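sequence below, structure please.
(2 chains)
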Amino acid sequence: MSNLTAGKPKIVPITGAGACAQAMRQINPDVVAAFPITPSTQIVEDFSAFVANGQVDTEFVTVESEHSAMSACIGASAAGGRVMTATSSAGMAYMWELLYVAASMRQPVLMSLVNRALTGPINIHCDHSDSMGARDAGWIQLYSETNQEAYDNLVMAARIAEHPDVRLPLMVCQDGFIISHSIQTMQLEDDKAVKAFVGPHLPYHSILDTAKPVTWGALDLQDYYIEHKRGQEQGMRNALRVIQEVSDDFAKTFGRQYNLFEDYRLDDAEIVLVAINSVAGEIKEVIDELRTKGEKVGLLKIRSFRPFPYEQIGQALSNAKIITVLDRSASFGAHGPLFTEISTAVYNYASNRPLLMGHTFGLGGRELTLRHIEHVISESRICLDKGEVGNRQGMWLNVRGDKS
Amino acid sequence: MSTLKTWQELPHGGVILEAGSAAKYETGSWRTWKPITHREHCIHCLACWEYCPEDAIVLEDGQDPSGGTRKFVKEVNYFHCKGCGLCVRECPVNKEGKVQALGFVRDEV
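Numbering: from 1, shown residues only, chains lettered A, B, ... in the order given. This next block holds a predicted model:
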């Protein structure tokens, strides 16, 4: 792929959901099957308008549920199409069974996931309990801080997911409402340039190829199931390399460089915060402020959560003295999912032994203000000076009734 | 059974590339009971052949009393027979209850 066909990009004010719908229009997938659910609705709504206007030649399947949406996606993908969908929260939870089927059948279905809390009590606002719950389903998960990142990740998604060494479904995650419904200015690339970057879809043993009949979705017993799972795991391991390769090519084509994670003022940082998605923006703001006062603080922002780049992250955290992980989802009775991964990365791959602290925040859309982040950093400083985390471990931030 | 493949040798996603390859799979090892043919009582109506879910009733060409050629029941293919007993239950000779054209016995392990 080259930048020869790159036209003029446009700077546009657009919501995160609108940006992802634009990416889908530019990708022009063969099939989209989706059921609208807040806050991902605008993606499907905008896209159905592109279908009605004839701006895409996608077969748009209006299904009666998310279970059917993902089933239709898997079938269309096995038939040899490039397939996309969008959903949130309970919608993805309803796809649960099929998320595993898509990954196990190695169908590179692409999903724009708008992160929203899971029900109980009903809540439509942002947290990561939907995608974190699905982290073992076998989908590649890329996270996005801004509208631009959600768009860029979706433009890169097809080439990562469909790569012959990977061939796995991929979800691009963005924060519900905070990103999906907030207008930010971002760079919308030229249609032809995006089309050239994404490239054609190459079917893998299409069920519509009657000259070479194949069977998809057959039974596996004790003699083969684990071999197929091992192959699936290899696709994930290969994805670490392929995500970086596609990201490097994206940087050459469009000028924005992404890696498996972002290190923000990390080199000499003694206190390092680790976070996912939109809260990284607020953290950067606080870091810049504290840096002017001489506090050595930095951020590691996760982009690829599945596969998880343990080795690279462990090495990147080697100079940290205390690492404070902010999880926007809870694993009840356990540490947050991001905290456990960071602990594994640090224990196995960091050259030192920093203090590790994990907090839960932002469930159901509860805000985390700049003041709260300053507080987290000052608490981290206290722990670092004392040389122990003590009873500050596992705090829930900005919760009435807890001192935090 | 043929040699089992390593994970590297398998196509992605468990796709089966060869049509009709189920015939190579030994479902006979699942069996605890097995049907046996008593050809002296068999009227060769082929009901067992029609009902068998595994296509495990083997037929052969033979001479009809009127001189025509037709299919006759030959034997059970124990490589595929899972021992479900459908053939035994559907056999019209068995249903009459006087003699058995298809017996059903404990399989040796």
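
in chain A, which spans are helices?
A:16-27, A:41-52, A:66-78, A:89-94, A:96-104, A:129-133, A:147-161, A:191-198, A:225-254, A:279-292, A:310-316, A:337-349, A:370-386 (DSSP state H).

go on, chain B?
Shown for chain B, the helices assigned by DSSP H span residues B:47-51, B:86-90, B:92-96.

put together JSON lines for the ones you listed, with mean pLDDT and mean neighbour count on each row.
In short, each C-beta sits where N, CA and C put it, glycine included. Conversion of the helices of chain B to JSON lines gives the following (pLDDT from 0 to 100; neighbours: other C-beta atoms under 10 Å in any protein chain shown):
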{"stretch": "helix B:47-51", "mean pLDDT": "97", "mean neighbour count": "18"}
{"stretch": "helix B:86-90", "mean pLDDT": "97", "mean neighbour count": "18"}
{"stretch": "helix B:92-96", "mean pLDDT": "97", "mean neighbour count": "14"}
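
report the contact partners of residue A:89.
Taking C-beta atoms under 8 Å, 6 or more residues apart in numbering or on different chains as the criterion, residue A:89 is in contact with A:37, A:115-119, A:124, A:130, A:176.

so how far is residue A:73 from the closest residue to it other than its chain neighbours?
Sequence neighbours aside, residue A:116 is the residue nearest to residue A:89 in space, at 3.7 Å (criterion: C-beta to C-beta, 6 or more residues apart in numbering or on different chains). Distance check for residue A:116 against residue A:73: by C-beta to C-beta, to the nearest Å, it reads 20 Å.

likewise residue B:76?
Taken as C-beta to C-beta, the spacing of residue B:76 relative to residue A:73 amounts to 43 Å.

and what of residue A:254?
Relative to residue A:73, residue A:254 is positioned 27 Å away (C-beta to C-beta).

neighbour count for the two, which is higher?
residue A:73 (29 against 20; other C-beta atoms under 10 Å in any protein chain shown).

wait, that one touches residue A:85, no?
Yes - checked against C-beta atoms under 8 Å, the pair residue A:73 and residue A:85 is within contact range at 5.3 Å.

got a pLDDT number for residue B:66?
pLDDT, residue B:66: 89.

okay, now it: neighbour count?
Residue B:66 is surrounded by 6 other residues when neighbours are defined as other C-beta under 10 Å.

quick one: it from residue B:49, how far?
As for residue B:66, its distance to residue B:49 is 21 Å (criterion: C-beta to C-beta).

setting aside sequence neighbours, what's the nearest residue to the closest residue to chain B within chain A?
Ranking the residues of chain A by distance to chain B (C-beta to the nearest C-beta) places residue A:106 first, at 3.4 Å. Spatially, and ignoring its direct neighbours in sequence, residue A:106 is nearest to residue B:13 (3.4 Å; C-beta to C-beta, 6+ apart).

quick check, that neighbour in contact with residue A:103.
No - no contact is recorded between residue B:13 and residue A:103 when judged using C-beta under 8 Å, the distance being 9.0 Å.

neighbour count for these two, which is higher?
Set side by side, residue B:13 and residue A:103 show unequal neighbour counts under other C-beta under 10 Å, the larger going to residue A:103 at 27 against 23.

need the phi and psi values for the residue lying closest to residue B:30 once chain neighbours are set aside.
Excluding its sequence neighbours, the residue lying closest to residue B:30 (C-beta to C-beta, 6+ apart) is residue B:82, at 4.9 Å. Backbone torsions of residue B:82, given as degrees, to the nearest 10, read phi -90, psi -10.

show me the contacts for residue B:82.
B:27-28, B:30-31, B:53-54, B:56.

report the buried members of these.
Among the contacts of residue B:82, those that count as buried by neighbour count (16 or more other C-beta atoms under 10 Å in any protein chain shown) are B:27-28, B:31, B:54, B:56.

out of those, which is nearest to chain A?
Proximity of those to chain A (C-beta to the nearest C-beta) peaks at residue B:27, which lies at 10.9 Å.

wait, the closest one touches residue B:52, no?
No - at 11.6 Å, residue B:27 and residue B:52 do not qualify as touching, with contact defined as C-beta under 8 Å.

list residues touching both of those two?
Common neighbours of residue B:27 and residue B:52, counting by C-beta under 8 Å, 6+ apart, are residue B:81.

dump the helices of chain A into JSON lines; add distance to residue B:42 and mean pLDDT as well.
Written out in JSON lines, the entries for these read as follows (distance: least, C-beta to C-beta, whole Å; pLDDT from 0 to 100):
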{"stretch": "helix A:16-27", "distance to residue B:42": "63", "mean pLDDT": "98"}
{"stretch": "helix A:41-52", "distance to residue B:42": "62", "mean pLDDT": "97"}
{"stretch": "helix A:66-78", "distance to residue B:42": "44", "mean pLDDT": "98"}
{"stretch": "helix A:89-94", "distance to residue B:42": "54", "mean pLDDT": "98"}
{"stretch": "helix A:96-104", "distance to residue B:42": "45", "mean pLDDT": "98"}
{"stretch": "helix A:129-133", "distance to residue B:42": "59", "mean pLDDT": "98"}
{"stretch": "helix A:147-161", "distance to residue B:42": "57", "mean pLDDT": "98"}
{"stretch": "helix A:191-198", "distance to residue B:42": "64", "mean pLDDT": "97"}
{"stretch": "helix A:225-254", "distance to residue B:42": "41", "mean pLDDT": "98"}
{"stretch": "helix A:279-292", "distance to residue B:42": "77", "mean pLDDT": "98"}
{"stretch": "helix A:310-316", "distance to residue B:42": "67", "mean pLDDT": "98"}
{"stretch": "helix A:337-349", "distance to residue B:42": "65", "mean pLDDT": "98"}
{"stretch": "helix A:370-386", "distance to residue B:42": "83", "mean pLDDT": "97"}
